[in-house]
Structure formats: C-alpha cells, structure tokens
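Undergrad: sequence and predicted structure, then a few things I'm wondering about:
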Amino acid sequence: MRKSWFLTLAMLLVIGTVLAGCGSNNSSSGNQVFNMNLSSEPPTLDPALAQDSVSFTVLTGLYEGLTRKDSTGKVIPGVAETWDISDDQKTYTFHLRKDAKWSNGDPVTAHDFEYAWKRVLDPNQNPASPYAYQLYYVKNAQNYNIAADNPNHITDPEQVGVKATDDYTLVVQLENPTPYFLSITSFWTTYPVHSSAKDNAAWAAEANTMITNGPFKITTWKHGNEIDLVPNENYYAKDEIKLSKVHFVMVSNSSTELQMYKTGQLSYSGAPTGEIPTEQIATLKGSNPDEFNNQATASTYYYNFNTTKAPFDNANIRKAFAMAIDRTQLVEKVTKGGQQPAFGFVPPSITGENKSFREEYPDIDLLKPDVAQAKALLEQGLKEKGLSSMPTVTLTVNEGTGHKQVAEAIVDMWRKNLGVEVKIETQEWKVFLKNRQSLNYDIARAGWSADYNDPMTFIDMFTSTGGNNDIGFKNAQYDELVKKAYASSDQHERMQLMSQAENILVKDNMAILPLYYYTGVHMVKKNVKGIVMDYQGMIDYTRASVE
Amino acid sequence: MEKQGTSDMTTHRDGRKQPGLTRELFKRLSFRPPGEMLAGESVPEWKDVMRRLLTNKVAMTGAGFLVLLTIMAIIGPWLTPHDYFTNNLDRTNEAPNSDYWFGTDNLGRDIFSRIWMGARISLTVGVVAALIDLIVGVVYGGIMGYVGGKTDEVMNKITEILYAIPYLLVVILLLVVMEPSMWTIILALSVTGWINMSWIVRGQILQLKNQEYVLAAKSMGASGSRMLFKHLIPNTLGPIIVTLTLTVPSAIFSEAFLSFLGLGVQSPAASWGTMINDSLTSWTLYPWQMIIPATLISLTILAFNLFGDGLRDAFDPKLKK
Amino acid sequence: MVRYWIGKLFSVLVSLFILATATFFLMKAIPGDPFTAEKAVPPEIKAKLMSFYGLDKPLWDQYVTYLKNLVHFDLGMSMKSQYQTVSSIIADSFGYSLRLGILSIIVSVVVGVGLGILAAMYHRKLLDSAAMILAVLGVSVPNFVVASLLQYVFGVKLNWFHVAGLNGPLDYVLPIIALASLPIAYIARLTRSTMLEVLSAEYIKTAKAKGIRKRVIIFKHALRNGILPVVTYLGPMTANVVTGSVVVEQIFGIPGLGQYFVGSVSNRDYTLIMGITLFYAVILMVARLLTDIVYGLVDPRIGLRSRKGAA
C-alpha cells in the first residue's frame, strides 16, 4: 500500500511540474505586428558571418548599410546621405548622415564601417567570413584576406582601400571600375558593426549583447523557436517605421506554415525563407488573388552536364538532351509557380545596359526546343562517340519533393521524345554537393542566384578557374571574354562581352541545360502593406504597415 | 518508432510440467492437461494450433486480406492499361474515375498501378526486414540462451548497448552514407531490429534448457548445435512466429516514417510511405492521394496484427477467453 | 544492492563510450562537411574554417580531443549555429520535448490502462469492442497521418487549437494526442489481455466467491498484476515517444530537440550530432533503469538482482 502511495505522489509531482512549465508566454497579437516564418534558426546574426537567406532576412531589419534599395530596386541613401564617384570610377567617397545612431544611442560613424569591413577581411578572424569575397572589389582586399599560399599577401590592414577620413566620411578605393559597387554597399556583408564586438566574440549569439543600427532592434531570440524585433527608437528615420513588432517563428514544415498563414498565425508565407507547397499554388492563386505573388527573382534552375565524362563530353548529345524538353509544360504543369522557361543562363531580373539584360540579349536565340532536331543530334552525337545506342546515364538531384518531380517530368520527356532511359538518383544535400563538386555524376541539378545585380554574377561562374565551375567546362575564349569584361568600365562593351560568353556557354556548347528562371512565390495578408521583394527575391519589411 | 516494443508478445509458452518450481509462478503458462505430455517430444502440436487458428474468424479475415493484398501486389499493376511511371501532364491530380480507378498524382501518373507497385515495395521491406530480424535474432538469441554463462553475459551486454543507440540516428547515417534504395532501407531497419527477437528467443531457450527431454537428449550425446536447432528452437517457434507477424507491420511503419523524413525509396518507384508523404502538402485538395495509401497501410498493419493475435491465441489458447 | 548499482553505472559508462566511438567514426564516414554549400566557399576560407573547428587535424587526434572534452562534460560548440554550445542547444530545446514526452506518457498510461480495464470488465460487450476498435486504429495509422489530420480538422477547420507552436496549455492537446495514439492503443491491448487473464485466475475467483465487489477486485487485486506488462513497456515506449516526437514536432512546429536531431545530420554539425546522440542514449538508459526500478516496486516477486538477466 505504501508503494502505491509513493507512486501516486510521484505521478502528481511530475504532472504538477509539467503543467507549471506549460502556461508560459502567449505571443502578443498587437495591431502592427508582422509575423513571418524563417523555417529554421538563423545560423548567425553577425553580418560578417551570414551567408544564407534566413540570416539575411533578420539582418535586414536589424542593420542598415551605406545604401538601401527602394521598392523599385533603385539604390537610395542609407547611412550614407550622399556619395561622390571619381572619374576613373575607382574611388568612392561616402558622406554619412550625422543623425544615424546605434540602438544604444552611440553615433554610427565611418569608423564603424571601416572596422566592419576590415573585420570581414581580417585573415585572423575566426570563424572566417564566408562571404568575404563580396568585398574583393575593394583595393588589396583579397590579398589582405588570403594569407595561405599567397605570395602577394598583405599583412598591413592600412593598405586595404577603405578609410574613414573623419567621423562622417568614408573613402573606398576599388581594384577595377565596378559599375555595380553601389548595390554591393547595401549587401549584408557590408553592414557596419559596433566596436563593442571587439571584446566579445559571441556578441551576435544572443539578443541582449547585440547593438545594431537598423530600423529595428532585437528583443528576444529563443534559439530554434522565435525572434522578436521592435522599432529602434534611435533610428534616424524612426517616423517611417510603422510596425510595432516583427515576430519570426521557425517552423520547418511547409504545410504547417501554410495552415498557420491560413489561420492568421502568420502574416507572410513563402519565399524567401518559407515555402508554399507546389500543389497548393494554383488553388491559392485562384482563391486569394490579392494575397498571392510570384515575382521573378534573379535565379536560374538548370541541370549540369558533366562535360568531362562520356557521353556528355559530346556537345551534340548535350544539345539533344536540352532540345528535347518542353519547358512550357514543365513550368505550367509541374512547378506551377509562374516560373519562366529558361533558354539562357542569366535571368530576366538582372539589369543590363539600359533595360534588363535579357531584353537586350534575348535567350530565345540561345536554345530552340525541337524534338526532331534533337533526335537527329542525338544520333549524330552517338555516331561521333562510336556508340550504337545511348548508354545508361543517371540524373542526380538533391532531396526535396520539388526537385524529384521536376526530374521525373524531364526524364519522362526524354523517354518520350528521345527514346532514352535515364535513371534518377536522389541524394542527401551534402552528399549531392560533394559529388557534384568532384564531378562524380552524369547530369546533376543546379540552381544559381545572383549575389549582385549584374550578369557577371552568373557569367564568371564558368571560367576555367571558377570555384563554382562544377561541370568541368574549360574554354579559353570564354575566359578571355570574362577577363575583358572585368577590366572594362564601358557598360555597353561589358554587356556585349558577357552576352558573347553566354553564347559560348549555352548556344555553342550547351554545357549546362537551362530549365527555368525562379520566382519568389509568396503570400502576404491583405492588410499588410509595404512589403518589398527585391530582384534577388529577398524581402524588405522595414517600411511595412498593418491596416 | 515502432521498431521496438513487442515485449507484450513475449508470451511464455512452454506447456510442460515444471517440477520444482512453484505452481503459482507458472500457472499462466500451462495450458494442456499434464497427461498429454511426453518427454522427448520436440514439436508443438501443429494440428491443434492450425485448428484453433482456422476457426478464429478475425485472424482468418486478417490472413485473407493479406493473401488478397499479395495477389494484388503481383497482378495489380497489370490490371490497368496505365503503367506506374509514365507522366500525363495533361491529366494531373484527377479524382478517381473510370479511366484512372484511383485517380492520378501530381504528374498525371496512375495511382492504381502505383499503389500496387508500392505494395510490392512496402511488403518486401516489411517481410524481408522481419526475416532478417528473425534469422539474426534467432541465431544470436539461441546462442545466448543455449551457451549461457560469460558468453551470454557479453552477448547480452552488446545487445543492450546497441539498444541504447538512438535507432533513428543509425538509420539516418546509414541512408546518408549508402546509396538510398529499398535494400538500404531494409538494411537500416534490420541493424537494430533483431535485438528484440534475440531477447525473446533467449528467454524462451533459458526456460526450455533444463527440461527433461532436453536433458535427456543431452545425456544421449546430442551435439550442441543439433540440440539448439533440432530441439530448442523448434520449441520456441510459437513466440517467434508471433513476433514475426508483428515485426512486419512495424517495419512497414518504419519505412513510412523514413519516407516522411525524405529518406524513402528512389523515384519513379514509390512505397505507400512515400506516396503518403508526397501527398501531405496537397491532401486537403486531392484527398484520395493520401486516403488510398493511408487506408491500405492501416488495413495491412491491422491485418498483420489481427493475424498475429490469432496466432498467439492459437499457440496459447489460455489467453483467449 | 550497492554492487548492483555500481555495476549498472559501469555498464552505462562503457555503453556510452562504445556508442560515442561508433557514432564518431560513422559520422565522419559521411561525405561532406559543415561548410559544403551551394555557393562554394573559396578554398582558402574553407581551410580556415576547418582549422578553426579542428577539422583539419587527423581523425584520431580529433577523436581523442573529443573524448577528453567529453570527460569534462564539454560537448563543444555547434558548427552550424555560430557561438552556440551544444549543451545550450540541448538545454533550450529539450524542455519542450520533455514536457511533451512526459505528458504523452502519462496520458498514454492513464487512458490506455483505463480503456484496457473497461474492455476487460465489459468483456465481449459493446464497450469492449469500441475500446478495441479505438486501440486498433491507434496501432494502424501512421502518426504523421494522425498529426496532419488532427491539425487540419481541429486547427484549420474547427479552429479550436493553434495549428502550430507551443505557447499555451491548449497547444499541447493536439501534439499529445498524435504522440500518444500509438502507445494508448498498445497499452490498452496489453492491459485488456493481462486483465482478462488475471480475472480468471484462482485467487480472483476466490475473491469473487467470497462476495467482494467487482470494482474492489479490479482495483485492489487485479490491477496490480495487470499493470506489470505495461511497466515493461515503459522503456520501449520512451524510445517510441522520443523518436515519434521528431514527426510530431515537425508537423506542429514545436521547437524541440527532434528537429535538431535530423537537422544536425544534414548540416554535418558534428558536435551537435554527437551531443544529441549521447543525450538520447542516456535518456534511453535511464528509462530502462527506471523501468527496472518501477517493476521492482510493483512486482514484489522480482527483486532488482533477479531482473538483471531477463530482457
């Protein structure tokens, strides 16, 4: 009998403790609250270390760089009020506004930028900044950043071309004329960092140690759970800020995210940090046309051919595979997110000389789907390789239902149009990347998104020495064109050179198989105004309001 | 995960006299009148077991369903003109109709033929994983129980350590390291799956070991392995078979669970688990894409459970009152 | 008794050591590293990152360092979440999983045993069939299907509960049902069959003959024996709840340890993988020990020592 008393008591104790832990924190639902899903914990909120869309999305609210982008994507003044550009386009002088303040009230000075940029480039910075190359346009930056095996290594940070000449003037010297440099100065890696970061390496790991200069400041960071931002009362343009709170949750399941949106737990759902399930898109578009949006973003979905390995070391076979695909059917029936069929590599939202690059150099000239010609090319290619029939090849994709479906649809098109059987292999993400980088595949899925608004962010990828050239493509003429474009300060010439390079990559060699240009499918509640999605597909919620 | 925990099924069946042991302790185990027993008898009365099983309507319904399912898994895909992999992008997400009996999926593939191809995979995963558990578990458990002493202690320790490894981790690591395929999944499921079986067999053997007919056979010079495989293991068949019928559904379940985590079989093939998982984002719009595989998986697991229960009752009718 | 506990403790430590070793090398055998990304990090920078986390050292060296730290209860830093220690990640997230887990276990036992007793008391009556149909459903529907259905019906359609999150007591209801449906079914069936058996036993019959009321018989005499197999099931059930929570946490957006478990492997967050594995292993072992103890308390026939050998 005593034992059962003991058991009952123990049970009651456990229940009591458990229930006591339950009734905590109800998320407040004030008027001006913007609720968004990040899907996962941001790996870091240190601008120097951030490299993913989740971290970037939070940082957008917390920081402001020298420049910002307005709702049309145009560069507008941020912390820098004005700037002068030298005639050779290699020296930029930024004049900072005097009323910019950190969240603790300290003024934001040019020294904070100099410190932050040199911190990104510091060879002894640990962990190293993965996006340091965003600052390699700055004079001597690369040679300062890279110490190992670099005979030109510079040890003196003073030689790096960024200098605060007084509290409110920042002078930046560049290696080459870089027409898109101003857009770089709104990029996350170039945000200023408060000097208190010197004393605490882990300053960006908890809410209470973060001092930021943006429209919002962080009040809560429950790791793996939620992040709360509230307006920064020291922000110079605090009158423009209407939201009283930005509430981020971290829910990884996309159907849960949609249900939360539907029941009002979220004000925003979908790209860039969430996902709207493909099969739901058509219905949602029909039922909530005012909330649905599928803006084009500067990313391309394509397949890699392993150009170093038979049979795809043959251009005709590659062309045959590329021409046998009905991209219109693919985007309308499979991906369904309003994506645009891709026949080139540079996506339409990348700016060219005057209009978008794609308007100036249409991709329709690069690749024309034609089943009959595809068959002929395949036959010719096989003959060139001395093959009687198409050997078994594998299409490797990474996990994620979307990729699998695209692969299945495409393999079916090859089967129907070319009469070839292609095996699909789904690999876990990092295994997949490893195999792709070491050219251990026949055909592999790939996607590339812009780092800056210029075709170069796509084109320089496939130079012989490009760190992301994982198709084994080596073409001297291509390398030469890219080199010329780098050195040129004439926009017209640059665009022509890059267009010629794209011609070599796609039209002449079909080294990659373009499929479609991405869209940022998302939904915003009708009463939330002022959310802006930029050309990259990242969103700016800082000027949003709830009606 | 459902790979553990069939310990309620470790029915202690032996049905023999237990001289020297308290009557109370083994009361629940003796179900036959003592007079029927013969020393040296080594196989249960299959006739009785079969008779009890065949007259158990519920168990027979389960068995009937499983037979039907197996037949459909074999011939199902041939019953319709549509194969399981060809896309028909003009007819995606169709509800069941006269052309596509179970409707189509998001690529316009015929769900009817996919379901039966999926049945092949799900059933193969379930049965093969259970068979591997059986073989490894019986041999390992048999040795543990029969040899005893230090060997038993060490071997038992090993199983306890293996049991403490988070099963999910092993499976995920394995599926990441190896090329994902049906066989990898089976292997992953078997890595720790056999432990429970080995414990059951060990327990049974320990009980049987000191019984008269075993001691008699031993004294007549029967060799160890002959003892083990000729006399001891056949006598533990009841619990083993029962455990087996309950391991199959848990393996099918586990496979579905892995599909949920994105670790399922490779396309265009699909198991029921991957079919359910693929439909999780869209079932509110196209409910048949989830309901059909989910119903089949539930019915199959139910059928295995009913049949397993029936088998247990047949081996140990005392339980069925 | 003391020797028994020392022995137990020793074997737990040995198990953990073997487990740590096995996981360490298995984990390192997976292709890829924490810094593989779609946009390849320049090789020089990657080399710096690898050396910062000690991943450039020989494997053996890494292993010894890891074990040394482990002895000091230092699980290291996460390689994915900057400047988060593995211990703090586990501490932050496990609270949710623990609350959910314990509540589910309690609900499973209470409801399961209740259903089982009802079914046994009203054997072959309507209530029995109803309870068993419920139990059968619980065993045969995959829990991610249960969770999705619950979420849609009660969260979206009826709007009774939040579809995700764990911010108030009500938010626990759906995840607990999803998590407990299988164990409830299992326990109900277990309890029913043992209760039936016990109720037909001699001593109960004697009690009945003496005219003791049915309720008294059930709760005073039969239940005690009937609950034994349920106790044995507690160990496996803990494992069940632990892994089941991966699914339920994902569907209900609960920031528990389960989501880190799968994520740590796909991120190759080596220190986090190790930390969570060891942590789960300790929980499973503790659950097993507790099972032994509770079993000893409930069943007077079996002392701790004699349980040792039995599975």
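TA: Structure's in. What do you need?

Undergrad: up against chain A, what does the stretch 101-250 of chain C have?
TA: C:102-103, C:106, C:148, C:151-152, C:155-156, C:159, C:162-165, C:167-169, C:172, C:250 (C-beta under 8 Å from any C-beta of the partner chain). Using the backbone N, CA and C atoms, a C-beta is placed for each residue, glycine as well.

Undergrad: overlap between these and the residues near chain B?
TA: Answer for these near chain B (C-beta under 8 Å from any C-beta): C:148, C:152, C:156.

Undergrad: just give me the least confident of those.
TA: Lowest pLDDT within those is found at residue C:156 (88).

Undergrad: isn't it right next to residue A:262, touching?
TA: Yes. If you go by C-beta atoms under 8 Å, residue C:156 and residue A:262 touch, sitting 6.1 Å apart.

Undergrad: that older thread, list only buried entries from the ones next to chain B among the residues of the stretch 101-250 of chain C next to chain A.
TA: C:148, C:152, C:156 (16 or more other C-beta atoms under 10 Å in any protein chain shown).

Undergrad: the second one and residue B:285 touch, don't they?
TA: The one in question is residue C:152. No. At 11.5 Å, residue C:152 and residue B:285 do not qualify as touching, with contact defined as C-beta under 8 Å.

Undergrad: residues in the stretch 51-200 of chain C within reach of chain B, list them.
TA: C:123, C:136-137, C:139-145, C:148, C:152, C:156, C:182, C:186, C:189-190, C:193, C:196-197, C:200.

Undergrad: state the number of residues packed around residue A:535.
TA: 24 (other C-beta atoms under 10 Å in any protein chain shown).

Undergrad: repeat that for residue C:91.
TA: Residue C:91: 12 neighbours (other C-beta under 10 Å).

Undergrad: who does the helix or strand hosting it touch, helix- and strand-wise?
TA: Assessed by DSSP states H and E, residue C:91 sits inside helix C:86-121. Contacts defined by 3 or more C-beta pairs under 8 Å, 6 or more residues apart in numbering or on different chains; DSSP states H and E place helix C:86-121 against helix A:2-22, helix C:126-140, helix C:173-199, helix C:223-226, helix C:228-251, helix C:257-267, helix C:270-298.

Undergrad: so which of those helices gets nearest residue A:75?
TA: helix C:257-267 (34.5 Å; C-beta to C-beta).

Undergrad: next, the buried residues of the closest one.
TA: Buried, per 16+ other C-beta under 10 Å, within helix C:257-267: C:257, C:258, C:259, C:260, C:261, C:262, C:263, C:264, C:265, C:266, C:267.

Undergrad: pLDDT at residue B:13, what is it?
TA: With respect to pLDDT, residue B:13 has a value of 30.

Undergrad: minimum distance to residue A:179: which of the helices and strands packed on helix C:86-121 has it?
TA: That would be helix C:257-267 among those, by C-beta to C-beta, at 36.8 Å.

Undergrad: so does that closest one get close to chain B?
TA: Yes. If you take C-beta under 8 Å from any C-beta as the test, helix C:257-267 does meet chain B, through C:261, C:262, C:265.
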